[in-house]
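In: generate coordinates for the sequence data below:
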Amino acid sequence: MTTTQFTKYGKKNLSGKPRHLKAKIPKGDNYLEIKKSLKSKNLFTVCEEAKCPNLGECWDRKTATMMILGDTCTRACKFCHVKTGNPKGLLDLDEPKKASEMVDVMGLKYLVVTSVDRDDLDDYGAGHFANVVKQIAVDHPEVKVEVLIPDFSVVEEHMHTLAQSKPFVIAQNLETVKRLTHQVRDRRAGYDKTINALKFYAENYPDIATKTSLMVGLGETKEELIEAMIDLKNAGVKIITFGQYLRPTLAHLEVQRYYEIEEFDHLKKIAQDIGFDFVASGPMVRSSYKAADYLDYLNSKLDKKIEWIK
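Out: Got it, this is the predicted structure:
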């Protein structure tokens, strides 16, 4: 493992947002046409709703993220701007068809499906997720579907329900290091809970890649990040991303420090040395950023293997 040190880890550096945190405003005929089509059909992407800084780049690559299970989360993580409350079992049973329609409208090659937490549902929403994945498989078998899911309270029956729908990637975010978990995430979430869930999928469904994401800038240390990476690798996780935490409102957690570009590069190198198959690391990287790049990575490995056989 690399021994390079960065003395800035865990220290405040808040003299204003660095220039590298300023994203390009999405533009162009392709973006405007897609936005108009989605609006006319009452379809919504997380990309737009969350004002994702990578929207234009991902849409150009025929990748998008859709949120299902409503807009009200039953949990209240202290970094997240999603509305909190009790949806009282409300479900939009047309969401699988809407997801398929979104693939049509946007000409997608890769769809990420995510959701709020739904502790009010008997299966925590696992069956609904599975129905969306199955619908895409029927209507668009060529499209890869990545699911960014809740922990389903680590109930194996419900986790099997999701995995048996055969998504291409199963992602669940660890979000932060062990020490900061209860300061950052809702009390019903947990460091070990997420690790165990990811381990379950990796062990029982080895053909489905598992993925997670960590935010930085919350007061974590380099050593704690390495500890998290090792725990995730031991759980069988293949894909990991690192991004800068940005405070949504003054009611949310304060940013402890903005990381420098070279520190994100350093984290990527550490993760690669630990053995992750694919790593994305940068200030504007989010869970679903360049999600389809993992597919490109697999295809490149296959091409090299075929070339070697020849």
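In: the strand ranked longest in the chain - contacts with which helices or strands?
Out: In the chain, assigned by DSSP state E, the strand with the most residues is strand 209-216. Contact partners of strand 209-216 among helices and strands, from 3 or more C-beta pairs under 8 Å, 6 or more residues apart in numbering; DSSP states H and E: strand 169-171, helix 191-204, helix 222-234, strand 239-244. From N, CA and C alone the C-beta is placed, and that goes for glycine too.
In: out of these, nearest to residue 74?
Out: The minimum distance between residue 74 and those falls on helix 191-204, with 15.2 Å, by C-beta to C-beta.
In: angle of the closest one against strand 209-216?
Out: Angle between the axes of helix 191-204 and strand 209-216 is 160 degrees (criterion: axes from the mean of the first three to the mean of the last three C-alpha atoms, to 10 degrees).
In: and helix 191-204, what's its mean pLDDT?
Out: For helix 191-204, mean pLDDT is 98.
In: now do stretch 128-137
Out: Averaging pLDDT along stretch 128-137 yields 98.
In: can you list the neighbours in contact with that stretch?
Out: Residues outside stretch 128-137 that contact it (C-beta atoms under 8 Å, 6 or more residues apart in numbering): 68-69, 91, 95-97, 99-100, 103, 111, 113, 115, 121, 143, 145, 147, 149, 161-162, 164-167.
In: ChimeraX command to pick out the buried ones of those residues?
Out: The buried subset of the contacts of stretch 128-137, as determined by 16 or more other C-beta atoms under 10 Å, is captured in ChimeraX by this line:
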select :68,69,95,96,99,100,103,111,113,115,121,143,145,147,149,161,162,165,167
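In: could you tell me which of the contacts of stretch 128-137 belong to strands?
Out: The strands, defined by DSSP E, take in 68, 111, 113, 115, 145, 147 from the contacts of stretch 128-137.
In: does residue 248 touch residue 80 like I think?
Out: Yes - assessed by C-beta atoms under 8 Å, residue 248 is found in contact with residue 80 at 7.4 Å.
In: which one of the two is surrounded by more residues?
Out: Higher neighbour count among residue 248 and residue 80: residue 80, with 19 against 13, using other C-beta atoms under 10 Å.
In: ok, now which ones touch the more buried one?
Out: Listed by C-beta under 8 Å, 6+ apart, the contact partners of residue 80 are 73, 248, 252.
In: from residue 300, how far out is it?
Out: 34 Å (C-beta to C-beta, to the nearest Å).
In: what about the closest residue to residue 244 other than its chain neighbours, neighbour count?
Out: Nearest non-adjacent residue to residue 244, counting by C-beta to C-beta, 6 or more residues apart in numbering: residue 283, 4.5 Å away. Neighbours of residue 283 under the rule other C-beta under 10 Å: 24.
In: the one 3 residues further on too?
Out: Using other C-beta under 10 Å, residue 286 has 23 other residues around it.
In: now swap in residue 122 and tell me
Out: Residue 122 is flanked by 11 other residues according to other C-beta under 10 Å.
In: what about it, distance to residue 197?
Out: 18 Å.
In: repeat that for residue 86.
Out: Counting by C-beta to C-beta, the gap from residue 86 to residue 197 is 23 Å.
In: which strand residues bridge residue 169?
Out: Note on residue 169: beta-bridge partners residue 146, residue 209, judged by DSSP bridges.
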